[in-house]
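Visitor: pasting the sequence and the predicted model now:
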Amino acid sequence: MTSKVYVALRVKATPERAFQAFVEEIDQWWRPSPLFQTTPRAPGRLAFDGGEGGRLTETLASGKVFEIGRILVWTPPTRLVFSWRQASFPPDLTTEVEVAFQAMGTETRVSVEHRGFTRVPAESAARHGFPDQVLQMRLADWWRGQLASLDVRVTGA
């Protein structure tokens, strides 16, 4: 199995606006998934603690905070890399998400590369019993939906 999923979408915004919406407004556009849950409970509010070394967290209604990942690269407005941990991952396992923002005329190409799924054991609940190709297709579909939701957020549509 290849260990990455890559998706891209053009959004109607500058790289600065797209990056800002991605990190500062993630709680406004992010769509939870039952397959790729970040906490074992009902979805909470996602937030980045900006800057390299910062965190991606989810805060539940109870106030409990779950760390999803750490920011590994923070280069506004062109690049963001963070570790990613799903609720069903073993405690010592993370994957990695790289998001790039590239100006394309009046739009921005936002690309997501989610890598490291070869580290997720075949018997892990995080795979939901799917063969590698099905898991990757589901993950790619989910990221496409996330980027479409980001596009709606930046355009106000």
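Guide: Yep, it's here.
Visitor: for the most centrally placed residue in the chain, name its beta-bridge partners.
Guide: Nearest residue to the geometric centre of the chain (Cα atoms, centre = their mean): Val97, 6.3 Å. Here Val97 sits in beta bridges with Phe82, His114, going by DSSP bridges.
Visitor: state the distance from it to Pro131.
Guide: 22 Å (Cβ to Cβ, to the nearest Å). Yep, even glycine has a C-beta here, placed from its N, CA and C like the rest.
Visitor: what do you get for Leu80?
Guide: For Leu80, the distance to Pro131 equals 30 Å [Cβ to Cβ].
Visitor: got it, and Thr155?
Guide: Distance from Thr155 to Pro131, counting by Cβ to Cβ: 37 Å.
Visitor: just to revisit the earlier point, which pLDDT value belongs to the residue nearest to the centre of the chain?
Guide: Note on Val97: pLDDT of 95.
Visitor: report the contact partners of it.
Guide: Gly69, Val81, Phe82, Ser83, Trp84, Val112, Glu113, His114, Arg115 (Cβ atoms under 8 Å, 6 or more residues apart in numbering).
Visitor: could you measure from it over to Ala140?
Guide: In terms of Cβ to Cβ, Val97 sits 13 Å off from Ala140.
Visitor: how much space separates the residue nearest to the centre of the chain from Ile71?
Guide: Using Cβ to Cβ, Val97 is found at 10 Å from Ile71.
Visitor: mutual contacts of those two, please.
Guide: Residues touching both Val97 and Ile71 (Cβ under 8 Å, 6+ apart): Val81, Phe82.
Visitor: can you get me a residue count around Val7?
Guide: Number of residues near Val7 (other Cβ atoms under 10 Å) recorded here: 18.
Visitor: how about Asp92?
Guide: 7.
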